[in-house]
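1. Provided below for reference: sequence and predicted model.
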Amino acid sequence: MDSTLESMKDGESTVGGGVEDVYGEDRATEDQLVTPWTTSVASGYTLMRDPRHNKGLAFTERERDSHYLRGLLPPAISTQELQEKKLMQSIRNYEVPLHKYVAMMELEERNERLFYKLLIDHVEELLPIVYTPTVGEACQKYGSIFKRPQGLYISLKEKGKILEVLRNWPERSIQVIVVTDGERILGLGDLGCQGMGIPVGKLALYTALGGVRPSACLPITIDVGTNNQKLLDDEFYIGLKQRRTTGKEYYELLEEFMSAVKQNYGEKVLVQFEDFANHNAFELLAKYKTSHLVFNDDIQGTASVVLAGLVASLKLLGGSLADHTFLFLGAGEAGTGIAELIALEISTKTNVPVEETRKKIFLVDSKGLIVSSRKESLQHFKQPWAHDHEPLTTLLEAVKAIKPSVLIGTSGVGQTFTKEVIEALAAVNERPLIMALSNPTSQAECTAEQAYTWTEGRAIFSSGSPFDPYEYNGKLFIPGQANNAYIFPGLGFGLVISGAIRVHDEMLLAASEALANQVTQEHYDKGMIYPPLTGIRNISANIAAKVAEKAYDLGLATRLPRPANLLKFAESCMYTPNYRTYR
Ligand SMILES: NC(=O)C1=CN([C@@H]2O[C@H](COP(=O)(O)OP(=O)(O)OC[C@H]3O[C@@H](n4cnc5c(N)ncnc54)[C@H](OP(=O)(O)O)[C@@H]3O)[C@@H](O)[C@H]2O)C=CC1
Ligand SMILES: CC(=O)C(=O)O
Ligand SMILES: [Mg+2]
């Protein structure tokens, strides 16, 4: 017998990796009957108001009889496909992206499976709505657009009581937590408590793109105040009206949170740190990576997705990574995280020490090129990049002096890849590689149109937020979306299904390689360095399988026995949003 089936039969392992599927709902095939459990059997009005089980007009005649729904619904019976068609029509009728976002969030609150079906089946169209760029605007206006709170809020008021707060959450079997403190929301700065839109959006992607069950996902915002004066002055602001707590009080709250998470959900719950400011992000990661299953998406997920794009681009550019010179605008979480993983990958492939491979990677921050003469005053995460070089204050000077082949924007500041900068890059490269990673679209270092026109159609371009294909001189260019959304759902799913207890750099490299391997000749022929998002579930399954493989190889996986075919196992564990039939 296939070891996957065997492990399902023995009742020890569970679908979704480590969390028990008590009611057999996830194991049932689509034509088997399941019971719609809440705390009791939901029926009638309660069943229709329960987003996890509601099917709207798709309740069958039989279900309407057996679940006391007669008269509560109009007579027509719909299918999920027809509901999907109707909803897509109504979403497309909204012209303003934020209205589409609100419509999607309301759908999630009403009918969870239909929400995920829409998102999965229309991923390219709806990702920019539930994720970047629209989620950024939603966070900016979060207080005014939401009628019902989403996720879990842990503020300074809850100090000493965090375990109790976690226990107020209705679900017990949590596998993935995405947590933010709202201080660096995309490239939009400190949005305080309104940052909740980010964990909510990231976890929707965990389910839609990665296959983690929605009930196993927990979005959390830690509210330690905000330094955003506009929010502090806003009478409708939903968070704590005080300036941010720092130092001992901040770290004590985080420590209580991390301990409570482990105590409540065990060793194998994954905590993804998201959109913390860099003065806390590196420290939190360093502190908890040896005791908890944690990773920082902005530092590590981003690094993995960018490395995948770089490796894939070698098919178009020729040579190896070691042949390239890299220049970054922005030396924070994303910039130094990516730089470090590139250096590690080159070191792994060439056996050259990482101290050496770093030497062809240069970073510019708000004060100019990072050089050894600045070393004393640099934050610790910038120090490895302080090379011996004359000080330069602008990006343009740096491009002219360093002559990079790859230019990566991680500054959070829009329009910083100016015409002069891109022309200087194009002057020294036949095919300049440009990544404008800052989000949302307003913060992108340049647009797709600018990258293609200023390089006369020679650029290989990708960006953090999506840009439409652009036609230049009769040729259609398809920009890639270099966004950690390609990585974190599959990476996290791989950790969950293997019961991993720690995240290791080799897993990031494995995820990166798995993503790069999904780029086919057909994609290269179109100049693409990332596979289309339409295949993301398959991509995530492949990433999950490779990450799980690494977890087993490194002795970090606890789900035993190791499934014989990890890809099949990953696929078999993925949540699918099709309706179930109720007995
Ligand atoms: N595409 C993707 O998947 C991802 C994209 N991002 C995006 O990357 C951006 C940065 O995020 P993150 O690294 O976490 O942020 P950080 O705050 O950690 O880093 C920002 C860096 O940019 C530098 N910087 C700011 N303004 C300028 C300027 N005008 N010129 C040169 N450098 C400047 C800062 O300099 P200094 O240190 O001197 O202050 C700092 O080094 C955000 O917009 C975010 O949305 C982040 C993660 C993933
Ligand atoms: C994509 C992402 O994580 C960010 O922009 O912060
Ligand atoms: Mg982020």
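-> That came through, no problem. Ligands and ions are numbered 1, 2, ... in the order given.

2. quick check: Ile346 touching Val352?
-> Yes - counting by CB atoms under 8 Å, Ile346 does reach Val352; the two are 6.9 Å apart. Placement of C-beta: from N, CA and C, glycine included.

3. which residues do those two both contact?
-> Common contacts of Ile346 and Val352 (CB atoms under 8 Å, 6 or more residues apart in numbering): Ala322.

4. neighbour count: these two, which is higher?
-> Legend: neighbour count by other CB atoms under 10 Å for Ile346 and Val352, higher for Ile346 (22 against 14).

5. with adjacent residues omitted, what lies nearest to that one?
-> Thr357 (4.2 Å; CB to CB, 6 or more residues apart in numbering).

6. count the neighbours of that neighbour for me.
-> 20.

7. over to it: give its phi and psi.
-> Dihedral angles of Thr357 (phi, psi; degrees, to the nearest 10) stand at phi -70, psi -20.

8. any idea how far it is from Gln481?
-> Relative to Gln481, Thr357 is positioned 27 Å away (CB to CB, to the nearest Å).

9. how much space between the residue nearest to Ile346 and Asp365?
-> Here the criterion is CB to CB. By it, Thr357 lies 21 Å from Asp365.

10. same check on Glu445?
-> 14 Å.

11. contact partners of stretch 545-554?
-> Counting by CB under 8 Å, 6+ apart, 490-491, 493-495, 497-498, 500, 504, 506-507, 510-511, 513-514, 557, 562, 566-567, 569-570 sit against stretch 545-554.

12. check those one by one and keep those near ligand 3.
-> When CB under 5 Å from the ion is applied, no member of the contacts of stretch 545-554 is adjacent to ligand 3.

13. okay, and which of these map to helices?
-> Counting by DSSP state H, those place 490-491, 493-495, 497-498, 506-507, 510-511, 513-514, 566-567, 569-570 in helices.

14. state the mean pLDDT of stretch 493-510.
-> The average pLDDT within stretch 493-510 is 98.

15. how close does the spatially most central residue of the chain sit to ligand 1?
-> Of all residues in the chain, the one closest to the mean position by CA atoms, centre = their mean is Ala485, 3.9 Å from it. From Ala485 across to ligand 1, the span is 7 Å (CB to the nearest ligand atom, to the nearest Å).

16. contacts only, for the nearest residue to that residue once chain neighbours are set aside.
-> Setting aside the residues directly before and after it, Ala485 is nearest to Leu205 in space (CB to CB, 6+ apart), at 5.5 Å. Neighbour list for Leu205: Leu127, Val130, Tyr131, Ala485, Phe488, Pro489 [criterion: CB under 8 Å, 6+ apart].

17. in a strand, Leu205, correct?
-> No - judged by DSSP: H, G, I helix; E, B strand; the rest coil, Leu205 forms no part of a strand; its state is helix.

18. how close does it get to ligand 3?
-> Computed as CB to the ion, to the nearest Å, the Leu205 to ligand 3 distance reads 12 Å.

19. pLDDT at that residue, what is it?
-> The score at Leu205 is 98. That number is its pLDDT.

20. over to the one 5 residues further on?
-> In the predicted model, Gly210 carries a pLDDT score of 98.

21. can you tell me the SS state at it?
-> coil.

22. re the thing from before, just the buried residues of the ones in helices among the contacts of stretch 545-554.
-> Buried members of the ones in helices among the contacts of stretch 545-554, scored by 16 or more other CB atoms under 10 Å, are 490-491, 493-495, 497-498, 506-507, 510-511, 513-514, 566-567, 569-570.

23. how near is whichever residue of the chain sits closest to ligand 1 to Glu549?
-> Nearest residue of the chain to ligand 1 (CB to the nearest ligand atom) works out as Gly332 at 1.9 Å. Remark: distance between Gly332 and Glu549 (CB to CB) = 31 Å.

24. between these two, tell me which one has more neighbours.
-> Between Gly332 and Glu549, counting by other CB under 10 Å, Gly332 is the more crowded of the two (25 against 19).

25. wait, the more buried one touches Trp385, no?
-> No - the pair Gly332 and Trp385 fails to qualify as a contact (CB under 8 Å) at a distance of 11.7 Å.

26. near ligand 2 too, which of the contacts of stretch 545-554?
-> Applying CB under 6 Å from any ligand atom to these, one finds that nothing falls near ligand 2.

27. might one say that the residue nearest to the centre of the chain is in contact with Leu209?
-> Yes - the criterion here is CB under 8 Å, and Ala485 meets it with Leu209 at 6.6 Å.

28. for the stretch 251-400 of the chain, what spans make up the helices?
-> For the stretch 251-400 of the chain, the helices defined by DSSP state H, counting those that start in this stretch cover 278-288, 302-317, 333-350, 354-357, 395-402.

29. give me the contact list for the fourth one.
-> Under the contact criterion CB under 8 Å, 6+ apart, helix 354-357 has outside partners Ala322, Ile342, Ala343, Leu344, Ile346, Ser347, Thr350, Pro384.

30. give the buried subset of these as a ChimeraX selection command.
-> Burial among those is assessed by 16+ other CB under 10 Å; the matching ChimeraX selection reads:
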select :342,343,344,346,347,384
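
31. redo the contacts of helix 354-357 as JSON lines? Include pLDDT.
-> Formatted as JSON lines, those follow (pLDDT from 0 to 100):
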{"residue": "Ala322", "pLDDT": "98"}
{"residue": "Ile342", "pLDDT": "98"}
{"residue": "Ala343", "pLDDT": "98"}
{"residue": "Leu344", "pLDDT": "97"}
{"residue": "Ile346", "pLDDT": "98"}
{"residue": "Ser347", "pLDDT": "98"}
{"residue": "Thr350", "pLDDT": "97"}
{"residue": "Pro384", "pLDDT": "98"}
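
32. Asn264: which of the contacts of helix 354-357 is nearest?
-> Distance to Asn264, by CB to CB, is smallest for Leu344 among the contacts of helix 354-357, at 34.0 Å.

33. so the closest one touches Ser512, yeah?
-> No - counting by CB under 8 Å, Leu344 does not reach Ser512; the two are 10.4 Å apart.

34. related to what we said a few turns ago, mind checking which of the contacts of Leu205 are buried?
-> Counted by 16+ other CB under 10 Å, the contacts of Leu205 give Leu127, Val130, Tyr131, Ala485, Phe488, Pro489 as buried.

35. now those residues in CSV, with pLDDT?
-> Output for the buried ones among the contacts of Leu205, formatted as CSV (pLDDT from 0 to 100):
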residue, pLDDT
Leu127, 98
Val130, 98
Tyr131, 97
Ala485, 98
Phe488, 98
Pro489, 98
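
36. in helices, which of the residues you listed fall?
-> Leu127, Val130, Phe488, Pro489.

37. figure out which of the helices of the stretch 251-400 of the chain is closest to ligand 2.
-> helix 302-317 (6.5 Å).

38. where in the stretch 251-400 of the chain is pLDDT low?
-> Applying pLDDT under 70 to the stretch 251-400 of the chain flags no residue at all.
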